[in-house]
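**Student:** Curious how this folds, go ahead:
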Amino acid sequence: METKLSQTISESYDSHEPKEKEYKTSKMAWIQLLSALLVNSSCAISWTTASSAPDAAAEWMKSDLTQLNWLSNTSAIINSILSLTTPWAYEKYGLKTMIIFSSVLNAIGCWIRYISIVVAPDKRYYLVLLGQAIGAIGGPYIYSIATKFVAVWFAGKDRGIANALLSIQLGMFISPLVMPALASISDEAPRLWLGSAIIATAVALPTPFLPKKPKNQPSATADIERMHFKESMINLAKNPNYWCVTFLCSTSLGMVYAVSVLVIEAITPYNYTTQESGICAAIILLGGMFGGLLSGYWVGKTGQYLMLIKIFAPLCAASYIMLIFQLIPNAFAVVLIACLTVGFFAYALLPLYLEFASEITYPVPESMSSCVIWAFSTTFMLIFSVILDSLREGPDANPPYNMKKASIVTAAIMVAVTSPVIWLKGDLKRLAVDKKEAC
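**Tutor:** Predicted coordinates for the structure are as follows:
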């Protein structure tokens, strides 16, 4: 009798013991992620449409390659400026509204570019530039959304991989594969504007029908109030580790974006076709997808941000050194491997940097810490693009218009800007709160 009583008391005590609260990511979160990913990709396609088929687009618009590159540079300038407004926009209007805004504005810009088919040939470039600028206004509100989006929708263990999926510009993989096939000659250039407009319209249609927030809280920190704007800015300004991460991420991301845009122009002088050059540009993103998903998955399981950053950052710089010696004629496989390596390490670092910045600055809003990084990233992209474009050789070089000097300068810059990773450190504050509240 005494044994049964003791067992009953023990079972009663066990049933009242506090159990670890289980947080998980809903299926709707992945559907919402897919929608945001498609909008992100469409905006990236619009950004890189002309640079993915440069010869055909430039000839059709009666412009040179430098003018053509300023279509991309215009997007970079607008993105750099408006990225700083994204935290305010997310807080005031919500994530869903800003996704809709971004998708609609991008579609409008794409259709304005298509209207250029009805104007005089010498006016085409300016109308395309106008459409590029209007579409680019919506871009920052989807490019900068990743850290805020995953904080609201995803459990801690899934944030890394979700951030990788949303941060990697999948459109930069699609564009160099599809656009050269759409326009191999100048007369086919209108297909570029029509194709990007159709894609932009298609991905915008589902966005109004998705929910604003998840039904159930995916993590302990998902609904915890963050610092206000002024307090956040003061906190970030006084955080040297945040500025170190910002510099590392923005230079790395700015360089890989610049290389992704210019790689077709860099490879074509070595007697590779526009289609082959487009494949090389796409391979950078393909390698990046594998790298980003791998690092995102691993860091979600282990939280080893610093270890992975300090391993991958020097390897990323080394991959640009390899690129100098692998841009050679009659060796397409070698060029592909070089592009794959650059993309793998550059994009593997992206979710690590963004999530690490959110961790070490918590409770600063994730959108605040990431918007500064994205603004600097596109600023550096613009700077690097102008530098690399100016280093293009002339018609008397061997081969004509090659970018060998640009590849050497690229490697030198990346070695220099990667050095501060040695001093990078910081505590995973947000993760610590998630673990404490889950118990």
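**Student:** What residues sit buried inside whichever helix or strand V259 is part of?
**Tutor:** Using DSSP states H and E, V259 maps to helix 240-267. Within helix 240-267, the residues scored as buried using 16 or more other CB atoms under 10 Å are 241-267. For every residue, glycine as well, the C-beta is placed using N, CA and C.
**Student:** Following element in sequence after the lowest-mean-pLDDT helix or strand in the chain, please.
**Tutor:** Every helix and strand of the chain was ranked by mean pLDDT, DSSP states H and E. The lowest is helix 2-15, at a mean of 43. Heading C-terminal from helix 2-15, the first helix or strand you meet, by DSSP H and E, is helix 27-52.
**Student:** Would you tell me what the next helix or strand after that next one is?
**Tutor:** Where DSSP H and E defines the elements, the next helix or strand beyond helix 27-52 is helix 54-61.
**Student:** Now find how far off-centre that following helix is within its chain.
**Tutor:** 26 Å (CA atoms, centre = their mean, to the nearest Å).
**Student:** same deal with stretch 135-155?
**Tutor:** With CA atoms, centre = their mean as the basis, the mean position of stretch 135-155 lies at 10 Å from the chain mean.
**Student:** Check stretch 333-345 too.
**Tutor:** On CA atoms, centre = their mean, the centre of stretch 333-345 falls 18 Å from that of its chain.
**Student:** again with stretch 351-367
**Tutor:** The mean C-alpha position of stretch 351-367 is separated from the chain mean by 15 Å, CA atoms, centre = their mean.
**Student:** Can I get that stretch as PDB, trimmed to CA atoms?
**Tutor:** Extracted C-alpha coordinates of stretch 351-367, given in PDB (Å, rounded to 0.1, in the frame of the first residue of the first chain):
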ATOM      1  CA  PRO A 351      23.800  34.100 -43.600                       C
ATOM      2  CA  LEU A 352      26.600  33.700 -41.000                       C
ATOM      3  CA  TYR A 353      27.300  37.400 -41.000                       C
ATOM      4  CA  LEU A 354      23.700  38.500 -41.000                       C
ATOM      5  CA  GLU A 355      22.600  36.200 -38.200                       C
ATOM      6  CA  PHE A 356      25.800  36.900 -36.200                       C
ATOM      7  CA  ALA A 357      25.100  40.600 -36.400                       C
ATOM      8  CA  SER A 358      21.500  40.000 -35.100                       C
ATOM      9  CA  GLU A 359      22.900  37.900 -32.300                       C
ATOM     10  CA  ILE A 360      25.600  40.300 -31.000                       C
ATOM     11  CA  THR A 361      23.300  43.400 -31.200                       C
ATOM     12  CA  TYR A 362      20.100  41.900 -29.600                       C
ATOM     13  CA  PRO A 363      17.700  43.400 -28.600                       C
ATOM     14  CA  VAL A 364      18.300  45.900 -31.400                       C
ATOM     15  CA  PRO A 365      15.700  45.100 -34.100                       C
ATOM     16  CA  GLU A 366      17.100  42.600 -36.700                       C
ATOM     17  CA  SER A 367      15.900  44.900 -39.500                       C
END
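**Student:** For it, the averaged confidence score.
**Tutor:** Stretch 351-367 shows a mean pLDDT of 86.
**Student:** again with stretch 188-203
**Tutor:** For stretch 188-203, the mean pLDDT works out to 93.
**Student:** who touches that stretch?
**Tutor:** The contact list for stretch 188-203 (CB atoms under 8 Å, 6 or more residues apart in numbering) reads 35, 38-39, 41-43, 45-46, 49-50, 52-53, 56-57, 59-61, 103, 106-107, 109-111, 113-114, 116-117, 128, 131, 135, 178-179, 182-183.
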